[in-house]
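K.L.:
Here is a sequence together with a model predicted from it:
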Amino acid sequence: MAAKNRLVVNKTYKLYLGGKFPRSESGRYYEVKGRKGALLANASRASRKDFRNAVVAARKAWSGWNDTSAYLRGQILYRIAEMLEGRTEQFEEELRLQGSTPSAARKEVTKAVDLLVHYAGWSDKYQSLFSSVNPVSTPHFNFSVPEPTGIVAVAAPEARSLLGLCSAIAPILTGGNTSVVLASHSKPLCAITLAEVINSSDVPAGVVNILTGFRDELLPQFAEHMDVNALLLCSDEEEEAKMAEKRAAENLKRVVSHPDSPLEEDPYHILDFQEIKTTWHPVGV
């Protein structure tokens with residue numbers, strides 16, 4: 001009888017900042033509910049200070065990740081895919097709890113794994129695709145090569161929570177950038193479980209930082225922060241996109257807008273967060 005009347009201890013999902021799993025510095029959380037309104041868990045509600053801490057961690061990690069060889073970055077992305085596939089049942093269960101059908105949950109996990117493998121393969125190849133030797137009328141070699149932008153803030157897709165999150169961060173990591181990601185507000189469970197996968201997949205601390213919380217509170221900070229170099233906004237709200245572009249204009253931050261859906265596998269998503277550096281080298285006579 002006592003077992004039937006006991007209170008369920010609901011899990012509180014924490015943030016992922018700098019390779020650690022802290023609660024929000026504000027102590028706030030919000031309730032995550034399933035299809036029928038049942039309480040699934042509590043999720044930390046990240047504050048502006050949590051976001052600033054995440055940016056500090058991302059900047060600290062950037063030089064090391066940028067200097068990592070393209071081949072090694074590909075190996076690490078492949079390792080994330082391996083670890084994710086090894087926890088397929090857990091991710092499928094979380095997706096079902098948040099409203100997916102069993103078949104849709106299975107398909108989403110499979111697509112997320114395949115997408116990570118796809119970008120792992122591009123890691124040491126996109127440079128050749130987007131580089132060029134340019135014809136010039138002077139005695140010089142003229143080369144254009146891609147370089148990572150730096151820190152990319154991401155407002156991830158809301159509905160397809162796991163696949164959307166993976167599709168947003170994979171091309172960013174492949175290109176040598178670090179990231180601060182705001183996960184789906186209504187379906188955040190997979191985000192912190194994915195953080196556990198990332199944390200055990202040789203990804204250096206601070207390369208990926210995952211927040212959960214309210215988009216209307218954090219998105220303006222994503223756009224305005226002076227040490228964030230670019231913003232990926234996955235949204236169908238026109239006013240949200242206008243606000244982000246207006247606030248990002250002050251520090252000339254690049255804003256890439258995308259519909260509120262997973263990004264397709266495409267090397268041009270890597271190029272979205274690359275700068276093209278052109279070098280001149282004299283030709284000896």
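P.N.:
Thanks, I have it.
K.L.:
Can you list the low-confidence ranges for this protein?
P.N.:
Within the chain, the segments meeting pLDDT under 70 span 1-4, 285.
K.L.:
Name the SS class of the spatially most central residue of it, please.
P.N.:
Note on the chain: the residue nearest the mean C-alpha position is residue 169, at 3.2 Å, using Cα atoms, centre = their mean. Under the three-state scheme (DSSP: H, G, I helix; E, B strand; the rest coil), residue 169 adopts helix.
K.L.:
and if you look at the one 4 residues further on?
P.N.:
The local conformation at residue 173, judged by three-state DSSP, is helix.
K.L.:
any idea how far it is from residue 90?
P.N.:
Distance from residue 173 to residue 90, counting by Cβ to Cβ, to the nearest Å: 22 Å. (C-beta placed from N, C-alpha, C; glycine too.)
K.L.:
ok, those two, which is more surrounded?
P.N.:
Per other Cβ atoms under 10 Å, whichever of residue 173 and residue 90 has more neighbours is residue 173, with 26 against 16.
K.L.:
Please tell me how far that one sits from residue 58.
P.N.:
For residue 173, the distance to residue 58 equals 12 Å [Cβ to Cβ].
K.L.:
shared neighbours of these two, anything?
P.N.:
By Cβ atoms under 8 Å, 6 or more residues apart in numbering, residue 173 and residue 58 have these common neighbours: 179, 207.
K.L.:
what's downstream of whichever helix or strand residue 197 is part of, the next helix or strand?
P.N.:
Here residue 197 sits within helix 189-199, counting by DSSP states H and E. Where DSSP H and E defines the elements, the next helix or strand beyond helix 189-199 is strand 208-211.
K.L.:
Might you calculate how far that following strand sits from the centre of the chain?
P.N.:
Distance, stretch centre to chain centre, for strand 208-211: 7 Å (Cα atoms, centre = their mean, to the nearest Å).
K.L.:
swap in stretch 81-98?
P.N.:
18 Å.
K.L.:
Please point out which parts of that stretch sit buried.
P.N.:
Across stretch 81-98, burial judged by 16 or more other Cβ atoms under 10 Å covers 81, 83, 84, 85, 90, 91, 92, 94, 95, 96, 97, 98.
K.L.:
does residue 201 really touch residue 85, like I thought?
P.N.:
No - counting by Cβ atoms under 8 Å, residue 85 is not a contact partner of residue 201; they are 11.7 Å apart.
K.L.:
Which of the helices or strands spans residue 276?
P.N.:
Assessed by DSSP H and E, residue 276 sits inside strand 274-282.
K.L.:
what are the pairing partners of that strand, and which direction each?
P.N.:
Strand 274-282 has the following strand partners under DSSP bridges: strand 140-148 (antiparallel).
K.L.:
any idea which helix or strand comes after the strand it pairs with?
P.N.:
Past strand 140-148, the next helix or strand by DSSP H and E is strand 151-155.
K.L.:
Mind giving me the packing neighbours of that following strand?
P.N.:
On a contact count with 3 or more Cβ pairs under 8 Å, 6 or more residues apart in numbering; DSSP states H and E, strand 151-155 meets helix 48-67, helix 161-174, strand 178-182, helix 215-224, strand 230-234.
K.L.:
Run me through the strand neighbours of it, direction for each.
P.N.:
Strand 151-155 pairs in its sheet with strand 178-182 (parallel), strand 230-234 (parallel), by DSSP bridges.
K.L.:
Residues contacting the last one, please?
P.N.:
Yep, that's strand 230-234 we're talking about. For strand 230-234, the external contacting residues (Cβ under 8 Å, 6+ apart) are 149-158, 164, 168, 172, 177, 219, 222-223, 240-241, 244, 248, 253-261, 263, 272-273.
K.L.:
let's see it at 7 Å
P.N.:
149, 152-157, 164, 168, 222-223, 241, 244, 248, 253-260, 273 (Cβ atoms under 7 Å, 6 or more residues apart in numbering).
K.L.:
Now the buried members of those.
P.N.:
Neighbour counting by 16+ other Cβ under 10 Å classes 149, 152-157, 164, 168, 222-223, 244, 248, 253, 255, 257-258, 260, 273 among the contacts of strand 230-234 as buried.
K.L.:
Kindly reformat the strands paired with strand 151-155 as TSV containing mean neighbour count and distance to residue 122.
P.N.:
As requested, these are exported to TSV (neighbours: other Cβ atoms under 10 Å; distance: least, Cβ to Cβ, whole Å):
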stretch	mean neighbour count	distance to residue 122
strand 178-182	28	17
strand 230-234	25	17
